[in-house]
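S.K.: Have a look; sequence and predicted model below, questions after that.
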Amino acid sequence: MFDGLLQAHKAGDHKEALMRAYHLALLVLAVPGVPLGLLYWFTRPAPHTWVIALVLVGVSALLAAGVLEKVRRTVQASPAALPVPERLTAALQLGSAPGVPFLVGCSSFHDGLTWLGCWAVALMAYLLGRQRILDLSRK
């Protein structure tokens with residue numbers, strides 16, 4: 001995947017390079033979460049109380065919103081004015097917005113409420129981050 005990112009960047013396909021960077025950053029956080037979640041699911045720890053579930057989902061949402069806001073401020077003026085390396089940096093940072101709620105959700109496979117809440121936050125953060133990537137790729 002990293003080779004594809006470099007090839008797309010060298011070929012001048014900035015949209016493809018940005019999307020690959022975004023997905024690469026997301027996978028770095030998501031891949032370790034799946035075995036962790038399966039381990040918790042098989043060991044069946046006690047489910048979270050609704051307060052803990054709410055706190056975990058809320059913290060996930062705050063972290064995702066913080067990353068999205070940080071990148072928005074970085075590229076606020078004009079995405080086209082940013083050099084390509086800074087766009088790639090923004091894409092890599094955006095990948096953590098859905099990655100963190102996904103990872104927290106994976107660690108909560110044993111508790112359906114927390115798992116679904118965190119993954120819903122991750123999906124919304126993914127879609128918002130993807131839209132920001134499309135905005136960054138416009139010239």
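M.R.: Received, thanks. These numbers come from a predicted model, not from an experiment. Numbering: from 1, shown residues only.

S.K.: what about the most centrally placed residue in the chain, distance to residue 126?
M.R.: In the chain, the centroid-proximal residue (Cα atoms, centre = their mean) is residue 98; its distance is 2.6 Å. Residue 98 sits 4 Å away from residue 126, taking Cβ to Cβ, to the nearest Å as the criterion. Just so you know, the C-beta spots here come from the backbone N, C-alpha and C atoms, and that holds for glycine as well.

S.K.: Give me the common contacts of those two.
M.R.: residue 26 (Cβ atoms under 8 Å, 6 or more residues apart in numbering).

S.K.: Residue 75: how many residues sit nearby?
M.R.: 17 (other Cβ atoms under 10 Å).

S.K.: residue at max distance from the center of the protein?
M.R.: residue 46 (27.5 Å).

S.K.: Can you read off the backbone torsions of it?
M.R.: Backbone torsions for residue 46, taken as degrees, to the nearest 10, come to phi -60, psi 140.

S.K.: list the contacts for it?
M.R.: Contacts of residue 46 (Cβ under 8 Å, 6+ apart): none.

S.K.: so what pLDDT did it get?
M.R.: Residue 46 is assigned 79 on the pLDDT scale.

S.K.: where's it relative to residue 98, distance?
M.R.: 27 Å.

S.K.: Quick check: which element contains the nearest residue to residue 54 once chain neighbours are set aside?
M.R.: The shortest distance from residue 54 to any non-neighbouring residue, by Cβ to Cβ, 6 or more residues apart in numbering, is to residue 117 (8.0 Å). Using DSSP states H and E, residue 117 sits in helix 112-137.
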